[in-house]
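Chemist: below are the sequence and a predicted model for it; my questions follow.
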Amino acid sequence: MRKTFIAGNWKMNMLPAEASAFIEELAGKLGNYSDARVMVAPPFTSIPSAADVIKGTGILLGAQNMSDEEAGAHTGEVSPLMLKDLGVDVVILGHSERRMIYGENDAFINRKVKLALKHGFEVILCVGETLEERESGKVEAVVEEQLTGGLNEISEESLASITIAYEPVWAIGTGKTATPEDADNVHAFIRKIIDKLYSSSAAEEIVIQYGGSVKPENSAELMAKENIDGALVGGASLKVDSFFGIINYAKA
Ligand code: 13P
């Protein structure tokens, strides 16, 4: 049985005081709610203040990126050892903004996935096509390549620590959401690839989030789809009310 997983990716937003206030308010609203796993990923500089208040709330602490190295001459990078020390539980890797703006490729992302698993983190591995790729009929080819590359040499046992986030690039921050049917079709295709790379039980068990303009108004119909197990939320995760509305979709 796959457990719903709702994650907020705050991107380059939220000062330390804002992050801790957000988490305290969200935790108050969630109470002992346990229908879904909930995570927030502050920017690196707000992780310490988030970590101070998140303990004991049941909310998972995420990071938006991580170095592919543990230490040394890597100006501007943040090591898995540093994130571990701060109490981070989950790292988001391969986000399309990392791929497109900062040139991260599948081999590089795969190194990070391996390093994150080595240090005991859960990973959210992001995949998704651009509008151009969608319009030229390449959705499945792109998603298969990103999955195969990102999961290279990852064992089936380790796959239990990985969530896949399908984020069509054209739907991120644009207000355009993939229709629930379109998203579900790609999620089903992702399961097919996991089946091919691993096994049918791995395909059945892997949690697949959808990301791209998810908001309280559309989360219920997305989440109702058979293959959609949660959401990776950008803009709508910056306000407690809208993020809580997404988490609470089942009761909305
Ligand atoms: P939006 O929800 O703002 O479209 O962002 C999605 C995303 O990129 C989450 O990682």
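Modeler: Everything's here; your move. Residues are numbered from 1 along each chain as shown.
Chemist: got the residues of this structure near the ligand?
Modeler: 9, 95, 167, 172-173, 211-214, 232-236 (C-beta under 6 Å from any ligand atom). C-betas here are computed from N, CA, C, even on glycine.
Chemist: buried among the residues you listed? Make that a PyMOL selection.
Modeler: Remark: buried members of the residues of the chain next to the ligand, expressed as a PyMOL selection using 16 or more other C-beta atoms under 10 Å:
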select buried, resi 9+95+167+172+211+212+213+214+232+233+234+235+236
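Chemist: which ones among the residues of the chain next to the ligand map onto helices?
Modeler: Among the residues of the chain next to the ligand, no member is found in helices (DSSP state H).
Chemist: want to try a markdown table for the residues of the chain next to the ligand, with distance to residue 26 and pLDDT as columns?
Modeler: Formatted as a markdown table, these follow (distance: C-beta to C-beta, whole Å; pLDDT from 0 to 100):
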| residue | distance to residue 26 | pLDDT |
| --- | --- | --- |
| 9 | 15 | 98 |
| 95 | 22 | 98 |
| 167 | 22 | 97 |
| 172 | 22 | 89 |
| 173 | 22 | 85 |
| 211 | 19 | 97 |
| 212 | 22 | 96 |
| 213 | 21 | 94 |
| 214 | 16 | 95 |
| 232 | 16 | 98 |
| 233 | 12 | 98 |
| 234 | 16 | 98 |
| 235 | 16 | 97 |
| 236 | 13 | 97 |
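Chemist: now the residues of the chain next to the ligand in JSON lines, with distance to residue 125?
Modeler: Output for these, formatted as JSON lines (distance: C-beta to C-beta, whole Å):
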{"residue": "9", "distance to residue 125": "13"}
{"residue": "95", "distance to residue 125": "10"}
{"residue": "167", "distance to residue 125": "11"}
{"residue": "172", "distance to residue 125": "16"}
{"residue": "173", "distance to residue 125": "20"}
{"residue": "211", "distance to residue 125": "12"}
{"residue": "212", "distance to residue 125": "16"}
{"residue": "213", "distance to residue 125": "20"}
{"residue": "214", "distance to residue 125": "18"}
{"residue": "232", "distance to residue 125": "11"}
{"residue": "233", "distance to residue 125": "17"}
{"residue": "234", "distance to residue 125": "17"}
{"residue": "235", "distance to residue 125": "21"}
{"residue": "236", "distance to residue 125": "22"}
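Chemist: what is the most widely separated pair among the residues of the chain next to the ligand?
Modeler: Largest separation among the residues of the chain next to the ligand by C-beta to C-beta: 95 and 236, giving 16.4 Å.
Chemist: which residue sits closest to the closest residue to the ligand within the stretch 101-250 of the chain in space, ignoring its chain neighbours?
Modeler: Nearest residue of the stretch 101-250 of the chain to the ligand: residue 234, at 2.2 Å (C-beta to the nearest ligand atom). Spatial nearest neighbour of residue 234, excluding adjacent residues (C-beta to C-beta, 6 or more residues apart in numbering): residue 9 at 5.4 Å.
Chemist: what bridges to the one you found?
Modeler: With DSSP bridges as the criterion, residue 9 is bridged to residue 41.
Chemist: roughly how far does it sit from residue 102?
Modeler: Separation of residue 9 from residue 102 (C-beta to C-beta, to the nearest Å): 15 Å.
Chemist: can you give me the strands for the stretch 51-200 of the chain?
Modeler: 60-63, 90-93, 122-127, 162-166 (DSSP state E, counting those that start in this stretch).
Chemist: need those in CSV with mean neighbour count, can you?
Modeler: CSV is the format used below for the strands of the stretch 51-200 of the chain (neighbours: other C-beta atoms under 10 Å):
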stretch, mean neighbour count
strand 60-63, 22
strand 90-93, 25
strand 122-127, 25
strand 162-166, 25
